[in-house]
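# when you get a sec, could you give me coordinates for this:
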Amino acid sequence: MLIGVLGGGQLGMMTAQAGVKLGHTFRFLDSAPDSPARVAGELQVGDFTDTDALRRFARGLGVVTWEFENVPCSAVQVLSRSVTAYPGIALLEIAQDRLSEKTAFREIGLAPARHLPVSSLHDLRDAVSDMGVPCILKTRRMGYDGKGQFLIRSRDDIDTAWKEIGQSQELILEGFVEFEREVSLIACRAKGGAGVGTGLGAGARSAGDVERGSGGRGIAFYPMPTNVHRAGILRVSRVGEGAEIEPELEHAARAAVEKLMVGMDYVGVLTVEFFVVKKLDGGRALIANEMAPRVHNSGHWSIEGSHASQFENHCRAITGMELGSAALVHPAAAMVNIVGAAPRAEDVQRVPGAYLHLYGKEPREGRKLGHITLVGSREQVESGLSSLRGIPGTVIE
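Alright, predicted model coming up:
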């Protein structure tokens with residue numbers, strides 16, 4: 001099947017690299033002629049708002065998907081007139097607005113951070129008085145990797161925050177969450193309901209069994225990674241042994257995400273990011289942070305770490321194939337983002353269990369240039385992370 005992808009970045013590239021092995025071919029639409037995905041399929045250069053470019057892009061496609069959540073919904077609407085679009089526009093629209101996103105979280109039983117809408121400087125001053133400091137002012141749309149955010153540490157920061165990201169945009173003020181760690185849940189729902197569970201966590205079936213969930217709808221749940229961010233950018237994800245994920249938190253997250261995916265008739269990969277916070281009774285709880293209706297950076301470890309990667313299962317889902325197992329191949333895995341500067345390949349290759357992925361991008365401060373996957377036992381993965389400390393582009397803690 002010819003699969004169309006809106007966006008030609010590294011997520012589109014890795015999706016195509018997985019899908020080609022399943023017999024699919026790919027066409028990408030992106031405004032940049034040097035997009036990473038150009039090596040994995042046909043790249044059409046055009047604007048997402050250009051109706052003629054969208055029509056040319058759609059010719060002959062069997063299905064269309066996207067690799068980033070800020071693709072204009074208008075582009076999906078145009079394409080949907082002639083080709084099926086997955087995961088579907090409903091959740092895409094919600095994920096593009098932080099206020100709508102938090103409303104959706106509450107409706108499926110997840111707790112978001114305390115928040116208030118802001119549309120003027122007067123609103124912001126009132127909201128900070130109500131919320132207290134510290135708090136975070138965010139744009140409701142188009143923010144990613146820490147962009148479109150301002151940490152307000154005191155009331156003296158209000159005017160500066162407004163000048164930085166306010167003005168004419170719709171904003172949201174969020175309470176500062178004192179969290180212990182960050183985690184994410186990556187799930188893939190099949191078209192037509194066939195699916196395979198991970199077999200991980202208390203009460204789960206063994207790997208390879210069908211994870212039906214409510215109503216017999218098949219969803220592959222990947223083991224939850226623990227994530228470390230610095231400067232708003234994901235640096236390291238750990239999964240399996242060493243990730244320190246409480247089974248009850250993972251099951252709660254799965255139940256909520258299943259409810260969301262089934263309710264929206266969602267097809268493909270969905271990721272929800274959470275904060276883990278400590279409760280007064282000493283237990284732990286999840287605070288839902290944001291969702292991404294697409295394959296996700298915190299799941300890159302799955303290329304070598306799972307029987308079927310998130311990219312493979314996304315391709316399987318949107319083309320009507322049965323899902324592969326999301327179970328770990330090894331007891332542990334980790335992913336290290338390469339940001340700003342690239343390491344020498346030989347420095348990575350000498351680390352046992354390490355796999356280097358470079359995206360073909362020119363180095364630039366804050367730019368994701370690639371990632372490294374580590375797989376093996378917990379001890380082997382931790383040893384690998386220690387060996388990679390200090391090489392260019394990595395921040396490992």
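
# so what are the domain limits for the protein?
By the assignment in automatic domain parsing, the chain contains the domains 2-85, 97-109+177-230+239-329, 114-175, 331-397.

# among these, which comes closest to residue 91?
Closest to residue 91 of the domains of the chain is domain 97-109+177-230+239-329 (C-beta to C-beta; 4.8 Å). In short, each C-beta sits where N, CA and C put it, glycine included.

# from residue 129, how far off is the nearest residue to residue 14 once chain neighbours are set aside?
Among residues not flanking residue 14 along the chain, residue 311 sits closest, at 5.0 Å (C-beta to C-beta, 6 or more residues apart in numbering). According to C-beta to C-beta, to the nearest Å, residue 311 and residue 129 sit 46 Å apart.

# settle it for me: which of the two has more neighbours?
Each of residue 311 and residue 129 has its neighbours counted (other C-beta atoms under 10 Å); residue 311 has more, 25 against 11.

# dump the residue contacts of that one.
Contact analysis of residue 311 by C-beta atoms under 8 Å, 6 or more residues apart in numbering lists 14-15, 17-19, 295, 302-303.

# could you do residue 278 as well?
Residue 278 neighbours (C-beta under 8 Å, 6+ apart): 180, 284.

# tell me which residues form a beta bridge with it?
According to DSSP bridges, the residues that bridge with residue 278 are residue 284.

# read off the pLDDT value for it.
Listed pLDDT for residue 278 reads 95.

# low-scoring stretches of the protein, by residue?
143-146, 168, 192-217 (pLDDT under 70).

# which helix in it runs the most residues?
In the chain, taking DSSP state H as the definition, the longest helix is helix 247-264.

# what helices and strands are in contact with it?
Applying 3 or more C-beta pairs under 8 Å, 6 or more residues apart in numbering; DSSP states H and E, we find helix 247-264 packed against helix 89-95, strand 181-189, strand 219-221, strand 268-278, strand 284-292.

# residue closest to the middle of the protein?
With distances taken as C-alpha atoms, centre = their mean, residue 296 lies nearest the centre of the chain, 2.9 Å away.

# not counting sequence-adjacent ones, nearest residue to it?
Of all residues not flanking residue 296 in the chain, residue 271 sits nearest, at 3.7 Å (C-beta to C-beta, 6+ apart).

# neighbours of that neighbour, how many?
Residue 271 has 24 neighbours, counted by other C-beta under 10 Å.

# again, but for residue 223
Neighbour tally, residue 223, other C-beta under 10 Å: 24.

# how close does it get to residue 387?
Distance from residue 223 to residue 387, by C-beta to C-beta: 23 Å.

# got it, and residue 97?
Using C-beta to C-beta, we find residue 97 at a distance of 42 Å from residue 387.

# circling back: and the longest helix of the chain, what's buried?
For helix 247-264, burial by neighbour count (16 or more other C-beta atoms under 10 Å) applies to 249-250, 252-254, 256-262, 264.

# over to stretch 152-164?
Buried, per 16+ other C-beta under 10 Å, within stretch 152-164: 152, 157-158, 161-162.

# which of those lies closest to residue 282?
Residue 282 lies nearest to residue 152 out of those, by C-beta to C-beta, at 30.3 Å.

# mind checking how far the closest one is from residue 123?
For residue 152, the distance to residue 123 equals 13 Å [C-beta to C-beta].

# which non-adjacent residue is nearest residue 26?
In space, and not counting its chain neighbours, residue 26 is closest to residue 41: 3.2 Å by C-beta to C-beta, 6+ apart.
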